[in-house]
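1. 3D, please:
(one chain, ligands or ions: 1)
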Amino acid sequence: MNDKDILQRFLFENAPVRGEFVQLSTSYQAIIQQHTYPAAIRRLLGEALVVATLLSAIIKFKGRLTVQFRGKGKIKLLLVQCTQQLHLRGLVQCSDDIAPDELWEALHEGTLAIMMDPDIEGGKRYQGIVAWQGRSLLESIEGYFKLSEQLPTRLWLAVNDTSATGFLLQVMPKERPELYQDHWEHLQHLTNTLTSEELLCLDVRTLLKRLYSEEDVRLFDPMPVIFQCNCSVKRSENAIVLLGREEAEHELHEKQKIVVTCEFCNTEYVFDRVDVAQIFKKDENSSHLH
Ligand SMILES: [Zn+2]
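-> Predicted coordinates for the structure are as follows:
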């Protein structure tokens with residue numbers, strides 16, 4: 001097991017507060033290297049990957065969680081997905097020349113959404129729209145929990161060129177938070193002393209000891225997080241069927257082949273004339289069956 005890419009949960013024994021620590025290294029690097037991104041975008045993508053992992057572990061559902069941003073400015077699309085098995089993938093469509101100080105402007109003009117697609121066939125998608133708040137993804141997500149989930153939640157994120165890490169504290173659902181307000185404030189206060197350096201370099205055991213020396217914290221086993229895209233030959237074949245016979249013929253005439261490129265991981269699926277003929281034949285046979 002790769003011990004650098006993990007999600008680890010913990011609980012405070014004397015307060016209804018839970019926490020999570022996420023550290024992404026191999027998966028984060030794999031994802032940011034799939035496209036040529038400006039530095040500011042690599043960081044933003046790192047933050048979004050950490051946020052999606054943290055959220056997929058606290059929101060109870062079976063399926064895939066998506067953090068999506070759509071904008072009209074220099075960032076057109078940011079899409080990060082995490083499955084319940086902690087398989088991550090993500091992409092950004094943006095201008096090549098976006099500078100760090102333009103990031104906020106680009107984000108402020110768009111919409112951020114959190115979506116959950118259940119595993120079951122025909123399951124209904126849940127979608128929550130998140131208003132941009134403050135100057136960061138982090139503040140917007142904290143705002144989302146305040147409004148939609150009614151759960152006091154705090155996040156701390158740190159990203160550099162090789163790692164993306166995050167830390168989350170949340171008052172547990174169904175408890176009466178007002179009874180523990182002082183304790184909750186105190187825990188936040190302690191966690192605010194956390195520096196990016198510490199978050200990026202220390203393991204969770206050391207972090208917890210350093211932050212909460214007076215607290216009784218129960219730490220659960222780490223769970224591995226990996227980069228995994230769910231693109232496949234089958235999905236690419238479906239894309240060709242959707243393209244239609246005429247378009248497919250045209251493409252074959254021009255290039256002698258059809259290349260379906262996965263937007264996420266850039267994997268290319270190449271089909272020649274024989275493959276394409278078989279794809280349409282298979283599709284025809286299966287439609288006859290129905
Ligand atoms: Zn892919």
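2. strands of the stretch 51-200 of the chain, start to end?
-> 63-70, 75-83, 87-94, 111-118, 126-130, 153-159, 164-171 (DSSP state E, counting those that start in this stretch).
3. pull out the buried positions in stretch 170-186.
-> By neighbour count with 16 or more other Cβ atoms under 10 Å, stretch 170-186 contains the buried residues 170-171, 177, 180, 183-184. The C-beta positions use only the backbone N, C-alpha and C, and glycine is treated the same way.
4. ok, stretch 31-51 next?
-> Those would be 31-32, 34-35, 37-38, 40-51, for stretch 31-51 by 16+ other Cβ under 10 Å.
5. near the ion, which residues of the stretch 151-290 of the chain are found?
-> 229, 231, 262, 264-265, 267 (Cβ under 5 Å from the ion).
6. determine which two of the residues you listed are furthest apart.
-> Across these, no pair lies farther apart than 264 and 267, at 8.5 Å, counting by Cβ to Cβ.
7. show me which of these two is the more surrounded one.
-> residue 264 (19 against 13; other Cβ atoms under 10 Å).
8. mind listing what the more buried one touches?
-> By Cβ atoms under 8 Å, 6 or more residues apart in numbering, the contact list for residue 264 reads 34, 79, 89-91, 229, 231.
9. would a markdown table of these with distance to residue 13 be doable?
-> Below are these laid out as a markdown table (distance: Cβ to Cβ, whole Å):
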| residue | distance to residue 13 |
| --- | --- |
| 34 | 42 |
| 79 | 38 |
| 89 | 36 |
| 90 | 35 |
| 91 | 40 |
| 229 | 39 |
| 231 | 43 |
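10. got the residues you listed as CSV, with pLDDT and distance to residue 197 columns?
-> Formatted as CSV, the contacts of residue 264 follow (pLDDT from 0 to 100; distance: Cβ to Cβ, whole Å):
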residue, pLDDT, distance to residue 197
34, 92, 28
79, 96, 30
89, 96, 28
90, 96, 25
91, 96, 29
229, 93, 32
231, 92, 36
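11. tell me the one of these nearest residue 117?
-> residue 79 (12.7 Å).
12. any idea how far that closest one lies from residue 69?
-> Residue 79 sits 8 Å away from residue 69, going by Cβ to Cβ, to the nearest Å.
13. who has more neighbours, these two?
-> residue 69 (23 against 20).
14. I'd say that one and residue 80 touch.
-> No: look at residue 69 against residue 80 with Cβ atoms under 8 Å: they stay out of range, at 9.0 Å.
15. what touches both of these two?
-> residue 48.
16. now the strands of the stretch 51-200 of the chain as a markdown table including distance to residue 272?
-> Output for the strands of the stretch 51-200 of the chain, formatted as a markdown table (distance: least, Cβ to Cβ, whole Å):
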| stretch | distance to residue 272 |
| --- | --- |
| strand 63-70 | 33 |
| strand 75-83 | 30 |
| strand 87-94 | 27 |
| strand 111-118 | 33 |
| strand 126-130 | 39 |
| strand 153-159 | 42 |
| strand 164-171 | 40 |
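17. among the ones you listed, which is the most enclosed?
-> With neighbours taken as mean count of other Cβ atoms under 10 Å, these reach their highest mean count in strand 164-171, at a mean of 24.
18. what strands line up against that strand, and which way round?
-> strand 17-24 (antiparallel), strand 153-159 (antiparallel) (DSSP bridges).
19. I'd like the ones you listed laid out as CSV, including distance to residue 251 and mean pLDDT.
-> Shown next, in CSV, are the strands paired with strand 164-171 (distance: least, Cβ to Cβ, whole Å; pLDDT from 0 to 100):
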stretch, distance to residue 251, mean pLDDT
strand 17-24, 37, 96
strand 153-159, 39, 95
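20. so can I have CSV of those showing distance to residue 222?
-> As requested, the strands paired with strand 164-171 are arranged in CSV below (distance: least, Cβ to Cβ, whole Å):
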stretch, distance to residue 222
strand 17-24, 9
strand 153-159, 18
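21. hmm, back to that, greatest separation within the buried residues of stretch 170-186: which pair is it?
-> 170 and 183 (13.5 Å).
22. under the pLDDT cut-off, which ranges of the stretch 51-200 of the chain? List them.
-> Scanning the stretch 51-200 of the chain for pLDDT under 70 picks out 149, 174-175, 177.
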